[in-house]
Every structure is written in structure tokens, then in C-alpha cells.
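Visitor: quick one: sequence and predicted model below, then my questions.
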Amino acid sequence: VPAAADGARPPLPASLPYGLFGLAAGLLVLLEGWREPYAVIVLTVSMGPAEWLLYRYRGLSVGALRATATPAGFRLRSAAVLALCLLGYLLPLLPAALLLGAAPAALLPLAATLWTALLLQAFGDAWPPAAICLAAAAFAGAVTLLRLPTGPVALPLSCGAAALCLVARALRLLGRPARHA
């Protein structure tokens, strides 16, 4: 068997965060699907719009960069773009969840976590989203498996906390003009 070309074997530090994020995302979706099977359908169908909104975020951010003259002005516009895209992703999930009988209180924080982590990864920030999502999955999974009394709220709470951390990171990181130039 001939040796693989250098590009065929990405170094572990470069590929490992994406694999860890995939593992964490899979565990979070599995936990949600265990409680609300139809939520997995909603999340699966939402991936197309999620990708489109990641693309739109880039375009809107470049537009915000062109429309501002100061770093503070860009940070404000960047925060508005992030809010617009995140809400544009989450708002259609609410009626979809209700239509299928899935609890939006658990689905929306999970969706916000996944979309924001993907956004950060699209801008080359992979390790922090992977770590945050792994922590959320570990906490929710441990509480669920141990059948602790807080089990029903573990996933929404862990995903809500993860989403807040990821949004804060996105605001900090993507609110810099240099990330979009």
C-alpha cells in the first residue's frame, strides 16, 4: 500500500476539534431525540437553512464592515447581524417543533448551540466550540444516565449555558473587523 500524501493525513490538533464537536453534537442530538424523537427531524430539516444563514452571516458582516468607520460601530453592527441570523434560524423552529409535538424549551437552546458553534468553526475557531459542546453533552448525559431528579431540565440548561458562552465568544471574536477583512 503506497504511503498517503501529506494532505491526506491532517495533523491531529487540526482535525481533532471538529471530530470532538461532531461527537458532542451527536450526543446532544441523541439526548434530545431520546426525550423528543420528532425534535431530531426538526433539527435535521433545519440544517439546510442553517448553512444558508452561515453564508448570509458572512455577507452581512462584510456589509457591516463596509458601512462603519469605527471598531465600536462595527461591533454594534456585528452584534446585530449575529442576532438577526441566529433569530432567523431559531424562529422557524418554534412552529415546527410545536407542529410535531416537540418541546421548544429544549429544542431551541440546542439549535442555538449547534448553529453558533458551526458559525465559530466557519471562522476558524474550532477548539472552544468543541470544548463548550463537549461540556454541555457531558453534563446533560451524566445527569440523564444517572437519572438524577434534574434530568428533564439538564439538556435545556446545559444547552442554554453553552449557547450563551458561544454567543459571547462569537460577539468577542467576530466583532473584530480583522476577522472579516
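Guide: Received, thanks. Model, not experiment: these values are computed from the prediction. Numbers count the residues shown, from 1 in each chain.

Visitor: taking the centroid of the protein, which residue is nearest it?
Guide: Nearest residue to the geometric centre of the chain (CA atoms, centre = their mean): Leu114, 2.5 Å.

Visitor: ranges for the helices of the protein?
Guide: For the chain, helices defined by DSSP state H occupy the ranges 12-35, 37-67, 71-90, 93-100, 104-122, 127-145, 151-174.

Visitor: show me where pLDDT drops low in the protein?
Guide: 1-9, 11-14, 181 (pLDDT under 70).

Visitor: how does it look with 50?
Guide: 1-4 (pLDDT under 50).

Visitor: before we move on, back to that, just the helices of the chain: most buried one?
Guide: Sort the helices of the chain by mean neighbour count, taking mean count of other CB atoms under 10 Å, and helix 104-122 sits at the top with a mean of 23. To be clear about C-beta, it is placed using only N, CA and C from the backbone, and glycine gets the same treatment.

Visitor: now it and helix 151-174, what's the angle there?
Guide: Counting by axes from the mean of the first three to the mean of the last three CA atoms, to 10 degrees, helix 104-122 lies at 30 degrees to helix 151-174.

Visitor: the inter-axis angle of helix 104-122 versus helix 12-35?
Guide: Using the same axes, to 10 degrees: helix 104-122 against helix 12-35 is 170 degrees.

Visitor: dump the residue contacts of Arg35.
Guide: Neighbouring residues of Arg35 by CB atoms under 8 Å, 6 or more residues apart in numbering: Ala103, Ala106, Pro152, Leu155.
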